[in-house]
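What follows is a predicted protein model with its sequence.
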Amino acid sequence: MNLFVIVSAAVFLLISVAYLPLLNDLYWSTLKSLTPPAGIVADLLVTNGTIFTSDSSLPFADSMAIRNGRILKVGSFATLKAFIGDGTMEVNLEGKIVVPGLIDSHVHLISGGLQMAQVGLRGVSQKDEFCKMVKDAVQNAKEGSWILGGGWNNDFWGGELPSASWIDEISPHNPVWLVRMDGHMALANSLAVKIAGVTSLTEDPVGGTIMRMPSGEPTGLLIDAAMELVTPWVKEISVDERREALFRASKYALTRGVTTVIDLGRYFPGTTDELSWKDFQDVYLYADSSKKMMIRTCLFFPITTWSRLLDLKLQKGSVLSEWLYLGGVKAFIDGSLGSNSALFYEEYIDTPNNYGLEVMDPEKLSNFTMAADKSGLQVAIHAIGDKANDMILDMYESVAAANGDRDRRFRIEHAQHLAPGSANRFGQLHIVASVQPDHLLDDADSVAKKLGSERAVKESYLFQSLLNGNALLALGSDWPVADINPLHSIRTAVKRIPPKWDHAWIPSERISFTDALIAQTISAARAAFLDHHLGSLSPGKLADFVILSTNSWDEFSKEVSASVLATYVGGNQLYP
């Protein structure tokens, strides 16, 4: 009898442990509709402020109760006093504003962290400055080691493209590889070109271009798929370097109020499909299991590896932990505007007979998308040019018709230039527009030179048109292409005033402050199937929030000039 009791108790214990996560999720999921049980004590009470929740059922509150990293309740202080008990800590906001943890809908997190430790050419506006920074890096490097960097934008110094001749004399014994700010073009010095075996006889790969001198010799510039001629020769970045890059990037993101990112990985045209998987296995799983994650990360993987992701999701589910989520698959259809490789219906004015590049065979892309979608995976595809966007809209429509109705949340990353009528199709087809407002600050001065003024104004960064068509709009940075700074992105979406301009560029496409903030919080979460976990300050959700420097909601919503005072993830202050 005693043995029976012992065995029964053991079985009950095992069942309880097995179902504990389920019961815990069930408990928190009921909080939104039910009053928490009497006697529940909050770990943290945030009071005396203006709390914007991104939850339409209660847009504003002055206080918020948190327990075990999740939100118990938001409301007035009077309704939350019952949660105060022994051990409850209080944060008195003294009138400051709180917003949900900000979500960056499109980053390359490890790439950003790596670039922080490399030759940073962002903002360089003169050839001499460009060359000096490379020279300084060479002088501090061992002979023969690769000099890596990026972030340069030739539009900042008048548009002239750099060439190997700029830096050959200062780097005779070190191969150099400098990626343009958009990730779709890179400069190699002559030594790097020689190591890679690229010559005047080397043919342009499908989906890429080798820039050449009149003699046919390479200039050192490689576009999209042509970058793959050199990247296999670039020194492999060690596991420790990549782990440190993640920690460096995460700390930086926290200073900007970012608590969650959608990470598209180190997958670009010209790179191997394996980089994203290596980073997942070597870096993210390590950081998660070692409890070293600092921001929540939703990972996307190359579409060519969709079956591998499906197997992993079937085995582990989409939620690996409260820090790590498995998203969907990513692909490219074209290049970028700055590299003149975005795909348009009409030619580039500054490069006649150039309409851009298809960086992946459309039929192959359609087949991969069909298979990935049929398996239930979310699909995100990079499209910049007007023709590229229409191709993906058409393809998504065909795939959805073939595979049947479901909540798939197809994404188009960038949706930067849209032909007349295309903005409305996003809402009609329930496609997420994942856009990066700060890109327009770089493009405003150059897009008319590339496309002509009329096309530029009709097609570029049509945020309000997308909203008018009921598209789900999600804001991001594309870091390290642009800086990771959601408050700045929101300001750009609202004001659209480029540097050195005194007026808005295409003012009719400005969006409201509230729409922009929603697109950086709950809509960004919804765009990645994370809205049940985060994105709003709602009971039961993860307690991720940001305290801002201003006391005035009116001023904040008008000028968007606040800074981040503190960032909390799961109810814990991680910055400063």
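Everything's here; your move.

Skipping adjacent residues, who's closest to the residue nearest to the spatial centre of the chain in space?
The chain has residue 106 as the residue nearest its centroid, 1.5 Å off, counting by C-alpha atoms, centre = their mean. Spatial nearest neighbour of residue 106, excluding adjacent residues (C-beta to C-beta, 6 or more residues apart in numbering): residue 476 at 3.4 Å. The C-beta positions use only the backbone N, C-alpha and C, and glycine is treated the same way.

and the residue nearest to the centre of the chain, that's in a strand?
Yes: assessed by DSSP: H, G, I helix; E, B strand; the rest coil, residue 106 belongs to a strand.

Pull the contacting residues for it.
Residue 106 makes contacts with 262, 264, 413, 434, 436, 476-478, as judged by C-beta atoms under 8 Å, 6 or more residues apart in numbering.

Could you rerun that using 10 Å?
Going by C-beta atoms under 10 Å, 6 or more residues apart in numbering, residue 106 touches 261-264, 300, 330, 380, 382, 411, 413-414, 434-436, 474-479, 481-482, 524, 527.

got it, and residue 475?
Applying C-beta under 10 Å, 6+ apart, we find residue 475 in contact with 102-106, 433-438, 463, 486, 489-490, 492-493, 511, 515-521, 523-524, 527.

For residue 410, give its distance to residue 367.
Distance check for residue 410 against residue 367: by C-beta to C-beta, to the nearest Å, it reads 16 Å.

For those two, work out which one has more neighbours and name it.
Taking neighbours as other C-beta atoms under 10 Å, residue 410 and residue 367 compare with residue 410 leading, 23 against 12.

same for the longest strand belonging to the chain, what does it pack against?
Looking only at the chain and at elements set by DSSP state E, the strand with the highest residue count is strand 324-332. Packing partners of strand 324-332 (3 or more C-beta pairs under 10 Å, 6 or more residues apart in numbering; DSSP states H and E): strand 258-263, helix 285-289, strand 296-302, helix 306-316, helix 362-374, strand 379-383, strand 411-414.

List of residues touching stretch 548-561?
So stretch 548-561 is contacted by 49-50, 52, 60, 93-99, 257, 487-495, 512-514, 516-517, 562-566 (C-beta under 10 Å, 6+ apart).

if we go to 6 Å?
Stretch 548-561 has contacts (C-beta atoms under 6 Å, 6 or more residues apart in numbering) with 50, 95-97, 490-491, 494, 513, 562-563, 565.

just stretch 222-232 next, same as before
By C-beta under 6 Å, 6+ apart, the list of residues contacting stretch 222-232 reads 184-186, 188, 196, 198, 205, 207-210, 269-271, 335, 339, 341, 357, 359.

From those, which land in strands?
185-186, 188, 208-210.

mind putting those residues in CSV, pLDDT and distance to residue 548 included?
Output for those, formatted as CSV (pLDDT from 0 to 100; distance: C-beta to C-beta, whole Å):
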residue, pLDDT, distance to residue 548
185, 93, 37
186, 95, 38
188, 97, 43
208, 91, 44
209, 94, 45
210, 96, 48
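
Now list the buried members of those residues.
When those are checked for burial by 16 or more other C-beta atoms under 10 Å, the buried set is 185-186, 188, 208-210.

ok so, going back, next step: the contacts of residue 475 restricted to strands.
Of the contacts of residue 475, the ones assigned to strands by DSSP E are 102-106, 433-435.

Adding distance to residue 156, write those residues out as JSON lines.
Output for these, formatted as JSON lines (distance: C-beta to C-beta, whole Å):
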{"residue": "102", "distance to residue 156": "27"}
{"residue": "103", "distance to residue 156": "29"}
{"residue": "104", "distance to residue 156": "24"}
{"residue": "105", "distance to residue 156": "26"}
{"residue": "106", "distance to residue 156": "22"}
{"residue": "433", "distance to residue 156": "27"}
{"residue": "434", "distance to residue 156": "26"}
{"residue": "435", "distance to residue 156": "22"}
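
which among these end up buried?
102-106, 433-435.

And those, which is closest to residue 220?
residue 106 (28.8 Å; C-beta to C-beta).

If I look at that closest one, what pLDDT would I see?
With respect to pLDDT, residue 106 has a value of 99.

any idea how far residue 437 is from it?
In this view, residue 106 and residue 437 are 11 Å apart by C-beta to C-beta.

again, but for residue 419
For residue 419 relative to residue 437 (C-beta to C-beta), the value is 21 Å.

And stretch 133-141, what's buried?
Neighbour counts over stretch 133-141 (16+ other C-beta under 10 Å) mark 133-134, 137-138, 141 as buried.

Tell me how the protein divides into domains.
Using automatic domain parsing, the domain parsing of the chain gives 28-101+535-576, 114-233.

and the ones you listed as a markdown table, adding distance to residue 363?
Output for these, formatted as a markdown table (distance: least, C-beta to C-beta, whole Å):
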| stretch | distance to residue 363 |
| --- | --- |
| domain 28-101+535-576 | 36 |
| domain 114-233 | 13 |
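
so which of the ones you listed gets nearest residue 312?
That would be, of those and by C-beta to C-beta, domain 28-101+535-576, which comes in at 22.7 Å.

now the closest one: how far from the chain's centre is it?
With C-alpha atoms, centre = their mean, to the nearest Å as the basis, domain 28-101+535-576 stands 25 Å off its chain's centre.

and if you look at stretch 459-472?
Using C-alpha atoms, centre = their mean, the offset of stretch 459-472 from its chain centre is 19 Å.

in that stretch, what's buried?
Residues of stretch 459-472 classed as buried: 459-467, 469, 471-472 (neighbour count, 16+ other C-beta under 10 Å).

Can you list the low-confidence ranges for the protein?
Applying pLDDT under 70 to the chain flags residues 1-38, 268-270.

Quickly find the element holding residue 394.
Assigned by DSSP states H and E, residue 394 belongs to helix 386-403.

what sits up against that helix?
Defining contact as C-beta under 6 Å, 6+ apart, one finds that helix 386-403 is touched by 333-334, 343-345, 366, 369-370, 373-374, 381, 383, 410, 412, 415, 417-419, 422, 425, 429, 431, 459.

Mind doing that once more with 7 Å?
With contact meaning C-beta atoms under 7 Å, 6 or more residues apart in numbering, helix 386-403 is reached by 333-334, 342-345, 362, 366, 369-370, 373-374, 381, 383, 408, 410, 412, 415, 417-419, 422, 425, 429, 431, 459.

From these, list the buried ones, please.
The neighbour-count criterion (16+ other C-beta under 10 Å) marks 333-334, 342-344, 366, 369-370, 373, 381, 383, 408, 410, 412, 415, 417-419, 422, 425, 431, 459 among the contacts of helix 386-403 as buried.

count of neighbours near residue 386?
Counted with other C-beta under 10 Å, residue 386 comes out at 25.

How about it: what's its closest non-neighbour residue?
residue 419 (4.2 Å).

Need the three-state assignment for that neighbour.
For residue 419, the secondary-structure state derived from three-state DSSP is coil.

Among the ones in strands among the contacts of residue 475, which pair sits farthest apart?
102 and 433 (18.2 Å).
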